[in-house]
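Student: What shape does this take:
(one chain, ligands or ions: 3)
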Amino acid sequence: MPTQAKRRSLFDSKIVRRASVDALTKLNPRLMMKNPVMFVVELGSVLTTVLLFLNRATRHGHFKFDLQITLWLWFTVLFANFAEAMAEGRGKAQADALRQAKSETTAYLLSKTGSVEEVPSSKLRVGDLVRVLAGQMIPGDGEVIEGVASVDESAITGESAPVIREAGGDRSAVTGGTRVLSDVITVRVTSNPGETFLDRMIALVEGAERQKTPNEIALNILLSGLTIIFLLAVVTLQPFALYSGAPQTIFVLISLLVCLIPTTIGGLLSAIGIAGMDRLVQHNVLATSGRAVEAAGDVNTLLLDKTGTITIGNRQAAEFIAAPGVFPAKLADAAQLSSLSDETPEGRSIVVLAKEAYNLRGRELASLNAEFIPFSATTRMSGIETDGRSIRKGAVDAISRYLQEHGNTLPGEVRAAVEEVARKGGTPLVVAENGRALGVVYLKDVVKGGMKERFDQLRSMGIRTVMITGDNPLTAAAIAREAGVDDFLAEAKPKDKMDLIKREQAEGKLVAMTGDGTNDAPALAQADVGVAMNSGTQAAKEAGNMVDLDSNPTKLIEIVAIGKQLLMTRGALTTFSISNDVAKYFAIIPAMFAGVFPVLNALNIMHLHNAESAVLSAVIFNALVIIGLIPLALRGVAYKPMSAAAMLQRNLLVYGLGGIIVPFIGIKVIDLAVTALHLA
Ligand SMILES: Nc1ncnc2c1ncn2[C@@H]1O[C@H](COP(=O)(O)OP(=O)(O)OP(=O)(O)O)[C@@H](O)[C@H]1O
Ligand SMILES: [K+]
Ligand SMILES: [Mg+2]
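Tutor: Residues are numbered from 1 along each chain as shown. Ligands and ions are numbered 1, 2, ... in the order given. Okay, the predicted model is just below:
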């Protein structure tokens, strides 16, 4: 089970064993070529290996020294591969566990005539309708089109508490491999076998489709540039060395090269990126692009929708408030009639309340000869046309416009009722029949717990929060105040949400958005970081570049922290790598030439035992530092909310200065050990 994989620590013995083997298979030059810095080290290792055997045959060279250099060069490559394999380890273990959830099941396929046929789940195609009963595994990804059920999604989320999935609303998506616990649902299949959420999730946690991000590519180009410069420097060193009467062996020259090129960051770069994605997975967030993870680290603005994101969102009709001169039962009747085939949670709750409060029975729609007008996020109304009755219910501004078209206006009392509901944070639905307002339905909703603290935290990270909602400005203001968001946009249609994002982006801001509805999909696609709730609709999940399996909108706080940590870790280790290469230069160059240029002895501040020991110690240090930094690369540097400038200053101090000092101490200690053990 993924829960187990999740609890697996970074250095689980199973993962270490697997990574050790993977480190060897990753020696394949075709894979190594993707990492130019380490590829150069591998080429160097091959060259010294060949030379070692040639020298042995022709009795040239200094075998003991040459052998040690060759081995440590290979270790350098292997340690880098091991770092990457370790970063992949947890994801691979989790992918193995997920594959177990991908077992074949039997599905009850519904035909057009309504008959039921048993088929294996692998035969299901997009558009098929299946019935899933309590106790059954859901045979494929889909959207609930009928019914409500509690579903155990622990196979995917690791969370044992059941979740509600229902037709019509923003909680309609179900995932193949999860289990229905109670009730019966009809599901429209939305993905073909092999292209399911589980398939994609396996590929994602395994890193099978991982692509380098633009930042990584840029850094790789920089590192390759440095490698070429040092390669030229080392190659041109030899004529100079010959001229000054101190020719250097290939072993020493390659050692010098490997010590000078940025092997520390070159060896850890990919591990840092993979570990960042893995940290997200540990937080139950699946990111389809590494670029989005990095963008999360720099986000300026966060957009959230109201219903179901900031509020609990299970909007239920709580009260009918009739207009003057209208019997409440008449309002309830009209509201119920217009909701009979409104498969949204709001619609269903109106039918139920009318039944409970006024004993109005739901009628058989077929016998009514009615035309039903479904709710849409653009019209923000729904209704029915039947027997000369034309009923609409919807958002106050939408119904006001509808009334105007009939030469009518909203009565002051109804407007007052709307405002009263709105001030309580509820959603008022205005009901109108034949162009006349009948009253208001109060849809109750409450703000989720702990929202204010979470938004305060985001503010301290420098992120502005904006709530966007299709609801009216008064409700929006009430909820915004209670939840503590910085700003809000009300009466927003799907396009308004997207336009708001575009405006922010035009100001050079990076925008994150969380949402769950189909009406959020365009905005989720437009945002730099689009986090869809796993409970949301299929369209939302496909539009975003992340899915939160826990469907927790404030998860963005963790996502931002992980993104920042990823950027910081990469920056810190790049700084460390380049500054510690400088230190190695001072270890090796004086040792190489001290014989011919005694003046260089002044640079030999480390007082290393002899030239061979100096070179060997530098190469050993260079390899060990990769191993030593694996935990930091995988866990990431500690992140505390503080300003970017303060952070940069602190990191330059710690990793820049540290990068210069640590090698001096490290190489000196290794030199002492090498001397004591008579290795050089
Ligand atoms: N079933 C329905 N029939 C008629 N009107 C509805 C229905 N459901 C919602 N509305 C009205 O339409 C408005 C917009 O609803 P929608 O679910 O699109 O909001 P949204 O844009 O997702 O924002 P939020 O989720 O924050 O409310 C609601 O505020 C409500 O007034
Ligand atoms: K190096
Ligand atoms: Mg919504």
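Student: Which positions within whichever strand or helix holds Met568 qualify as buried?
Tutor: Assigned by DSSP states H and E, Met568 belongs to helix 556-593. Within helix 556-593, the residues scored as buried using 16 or more other CB atoms under 10 Å are 556-581, 583-593. (C-beta placed from N, C-alpha, C; glycine too.)
Student: Next: stretch 86-96.
Tutor: Going by neighbour count (16+ other CB under 10 Å), the buried part of stretch 86-96 is 86-95.
Student: For the residue nearest to Val252 when sequence neighbours are not counted, grab the count of nearby residues.
Tutor: In space, and not counting its chain neighbours, Val252 is closest to Val615: 5.5 Å by CB to CB, 6 or more residues apart in numbering. Per other CB atoms under 10 Å, the neighbour tally for Val615 reads 28.
Student: show me the contacts for Val615.
Tutor: Residues in contact with Val615 (CB atoms under 8 Å, 6 or more residues apart in numbering) are 69, 252, 255-256, 588, 591-592.
Student: would it count as being in a strand?
Tutor: No - counting by DSSP: H, G, I helix; E, B strand; the rest coil, one finds Val615 to be helix, located in no strand.
Student: In the protein, what residue comes closest to ligand 2?
Tutor: Closest to ligand 2 within the chain is Thr263: 3.7 Å, counting by CB to the ion.
Student: so that residue touches Thr76, yeah?
Tutor: Yes - taking contacts as CB atoms under 8 Å, Thr263 lies within contact range of Thr76: 6.2 Å.
Student: overlap in contacts of these two?
Tutor: What both Thr263 and Thr76 touch, as defined by CB under 8 Å, 6+ apart, is the set 38, 41, 622, 626.
Student: Same question for the third one, what's its three-state structure.
Tutor: What that stands for is Asn622. Under three-state DSSP, Asn622 comes out as helix.
Student: Distance check, it against Leu181.
Tutor: 56 Å (CB to CB, to the nearest Å).
Student: again, but for His678
Tutor: 70 Å.
Student: repeat for Gly536
Tutor: Gly536 sits 20 Å away from Leu181, going by CB to CB.
Student: ok, these two, which is more surrounded?
Tutor: Applying other CB under 10 Å to Gly536 and Leu181 shows that Gly536 carries more neighbours, namely 29 against 14.
Student: can you pull the contacts of the more buried one?
Tutor: Gly536 touches 170-171, 173, 515-517, 520, 551, counting by CB under 8 Å, 6+ apart.
Student: Tell me which helix or strand it sits in.
Tutor: Assigned by DSSP H and E, Gly536 belongs to neither a helix nor a strand.
Student: From Asn284, how far off is it?
Tutor: Taking CB to CB, one finds Gly536 at 15 Å from Asn284.
Student: now do Arg635
Tutor: Taking CB to CB, one finds Arg635 at 18 Å from Asn284.
Student: Compare these two (neighbour count), which wins?
Tutor: Taking other CB under 10 Å, Arg635 and Asn284 do not tie; Asn284 has more neighbours (21 against 13).
Student: and the closest residue to that one other than its chain neighbours, how many neighbours does it have?
Tutor: Excluding the flanking residues, the one nearest Asn284 by CB to CB, 6+ apart is Leu549, at 4.1 Å. Look at Leu549: counted by other CB under 10 Å, it has 22 neighbours.
Student: does Leu549 really touch Val285, like I thought?
Tutor: Yes - applying CB under 8 Å as the test, Leu549 and Val285 come out as touching, 7.1 Å apart.
Student: The stretch 251-400 of the chain: helices as residue ranges?
Tutor: 263-282, 290-296, 328-339, 345-358, 396-405 (DSSP state H, counting those that start in this stretch).
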